[in-house]
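A.B. asks: Here's a sequence, model it:
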Amino acid sequence: MARAQAEPNQPPQTAAVPSPTQEPEAQSPGSITGTVTDPKGAPLVGAKIALTREGKSLAPEVTTGDDGRYAFTGIPPGPFTVTISGEGFASQTASGTLHEKESYLVPEAALAVATAVTEVRVELTPLEIAQEQLKEQEKQRVLGLIPNFYVSYVPNAAPLSSKQKFQLAWKSTIDPVTFGVTAVITGIQQSQNDFSGYGQGAQGYAKRFGANYADLTISTFIGGAILPSLLKQDPRYFYKGTGGWKNRALYAIANSVICKGDNGHWQPNYSSILGSLAAGGISNLYYPSSDRGGGLIVENTLIGIGASAGINLLQEFVMKKLTPNLPKNEPMPPTP
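C.D. replies: Next up is the predicted model:
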């Protein structure tokens, strides 16, 4: 019987044991240094240096010494950014990559003087605002010719001072168009022989013209300057411009007997009413004796109120369309 052939000796097999995961060795830190100078090259003392990496701080902020130098130590390797700033100087940044155990020298930073940026906030006083708005009003002329000074298209216009109220009255009464309109009215009266006690001819025309201009001047100054100053009322008509036509018409008519006070509140228009009465009383001094009396005062007062209502209606619906150089402002909000 044949013997089995002996197999060669085999080394024993062992299971492979995986080696434990090796953690990377910590990298040795380095340092970052640099120098900051002013525009003339002299060391800049007290400049602030911030060190960041990807927007995060790597070390507390430092400042430059007497020699303009700064230093960061114990900084882990990797990219970095230094931001250099100094009072009165424009900020500057520098970037680099710090290697293990490296002493990184940042190129010298010469800070430029910051461009002065001055923010000036001008706040006008109410008096100055009113003066600017008054200048705009004095440019308002119907068809570019007829004065339209006594209307405000600014709903919340600043109140006028006494001086400004007198200024408005003066500008209105000495305007060349005012003389022209008075001359036309006088001519119509003479043609109809109104106030016949004045007579006809040049002398009669001059007397009528003087009386008409006196009426206008007295009523303008008393009702538009003197009494508004004493009673703290605004002599202007404030354009509404919104709402239905009935609402606007009632507003315009009501403004012949009401007005806005310097405090912004609506109140009876004592200035206009008393001004018409006063002007009517004074007119008794220069009208023909046959036309004087209480009837003249009442007549002038009612005419003044009626004329004011009529003018207000024209202001609300017509004159704005015919008046150039208007201020760019929104109309008053609708009355609830």
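A.B. asks: Stretch 312-319 spans what distance, first to last residue?
C.D. replies: Stretch 312-319 stretches 9 Å from its first residue to its last (C-alpha to C-alpha, to the nearest Å).
A.B. asks: going forward can the numbers begin at 48, since that is how I track them
C.D. replies: Yep, numbering from 48; the last one is stretch 359-366 now.
A.B. asks: For it, what is the distance to the chain centroid?
C.D. replies: 28 Å (C-alpha atoms, centre = their mean, to the nearest Å).
A.B. asks: what's that stretch in contact with?
C.D. replies: 189, 195, 198, 284, 286-288, 292, 295-296, 298-300, 302-303 (C-beta atoms under 8 Å, 6 or more residues apart in numbering). C-beta coordinates here come from the backbone N, C-alpha and C atoms, glycine included.
A.B. asks: could you pull out the helices for this protein?
C.D. replies: Using DSSP state H, the helices found in the chain span residues 173-184, 209-220, 223-238, 248-268, 274-278, 292-301, 317-330, 341-361, 367-369.
A.B. asks: Quick check: which of the ones you listed is nearest to K87?
C.D. replies: K87 sits nearest to helix 173-184 of all the helices of the chain, at 45.1 Å, using C-beta to C-beta.
A.B. asks: Check which helices and strands that closest one is in contact with.
C.D. replies: Identification of packing neighbours for helix 173-184 by 3 or more C-beta pairs under 8 Å, 6 or more residues apart in numbering; DSSP states H and E yields strand 198-199, helix 209-220.
A.B. asks: Tell me what angle the longest one forms with helix 223-238.
C.D. replies: In this case it means helix 209-220. Direction vectors for helix 209-220 and helix 223-238, defined by axes from the mean of the first three to the mean of the last three C-alpha atoms, to 10 degrees, enclose an angle of 50 degrees.
A.B. asks: relative to helix 317-330, how tilted is helix 209-220?
C.D. replies: 50 degrees.
A.B. asks: Could you list the domains of the chain?
C.D. replies: Per automatic domain parsing, the structural domains of the chain span 77-157, 173-369.
A.B. asks: Go through those and pick out the most buried.
C.D. replies: domain 173-369 (a mean of 17; mean count of other C-beta atoms under 10 Å).
A.B. asks: hang on, the earlier thing: can I get the domains of the chain in TSV with mean pLDDT?
C.D. replies: Below are the domains of the chain laid out as TSV (pLDDT from 0 to 100):
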stretch	mean pLDDT
domain 77-157	93
domain 173-369	91
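A.B. asks: quick revisit: make a markdown table out of the helices and strands packed on helix 173-184 and add distance to P374.
C.D. replies: Converted to a markdown table, the helices and strands packed on helix 173-184 look like this (distance: least, C-beta to C-beta, whole Å):
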| stretch | distance to P374 |
| --- | --- |
| strand 198-199 | 9 |
| helix 209-220 | 15 |
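A.B. asks: hang on, Q214 packs against K182?
C.D. replies: No. Q214 is beyond contact range of K182, at 10.3 Å (criterion: C-beta atoms under 8 Å).
A.B. asks: In JSON lines, list the helices of the chain along with distance to K148.
C.D. replies: As requested, the helices of the chain are exported to JSON lines (distance: least, C-beta to C-beta, whole Å):
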{"stretch": "helix 173-184", "distance to K148": "69"}
{"stretch": "helix 209-220", "distance to K148": "80"}
{"stretch": "helix 223-238", "distance to K148": "93"}
{"stretch": "helix 248-268", "distance to K148": "93"}
{"stretch": "helix 274-278", "distance to K148": "87"}
{"stretch": "helix 292-301", "distance to K148": "87"}
{"stretch": "helix 317-330", "distance to K148": "91"}
{"stretch": "helix 341-361", "distance to K148": "91"}
{"stretch": "helix 367-369", "distance to K148": "83"}
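A.B. asks: out of those, which comes closest to E155?
C.D. replies: Across the helices of the chain, E155 has its closest neighbour in helix 173-184 (52.3 Å, C-beta to C-beta).
A.B. asks: Identify the residue spatially nearest to I344, adjacent ones excluded.
C.D. replies: G327 (3.6 Å; C-beta to C-beta, 6 or more residues apart in numbering).
A.B. asks: And for H146?
C.D. replies: Counting by C-beta to C-beta, 6+ apart, H146 lies nearest to P124, which is 5.5 Å off, once chain neighbours are set aside.
A.B. asks: now that neighbour: how far from G248?
C.D. replies: Remark: distance between P124 and G248 (C-beta to C-beta, to the nearest Å) = 113 Å.
A.B. asks: before we move on, back to that, shouldn't the residue nearest to H146 be in contact with G143?
C.D. replies: No. With contact defined as C-beta under 8 Å, P124 does not reach G143; the gap is 11.2 Å.
A.B. asks: For the residue nearest to G81 when sequence neighbours are not counted, which residues are in contact?
C.D. replies: Of all residues not flanking G81 in the chain, V153 sits nearest, at 3.4 Å (C-beta to C-beta, 6+ apart). Residues in contact with V153 (C-beta under 8 Å, 6+ apart) are 79-81, 129, 141, 143.
A.B. asks: Any chance of a markdown table for the residues you listed, columns distance to S243?
C.D. replies: Output for the contacts of V153, formatted as a markdown table (distance: C-beta to C-beta, whole Å):
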| residue | distance to S243 |
| --- | --- |
| I79 | 107 |
| T80 | 108 |
| G81 | 104 |
| V129 | 100 |
| A141 | 100 |
| G143 | 106 |
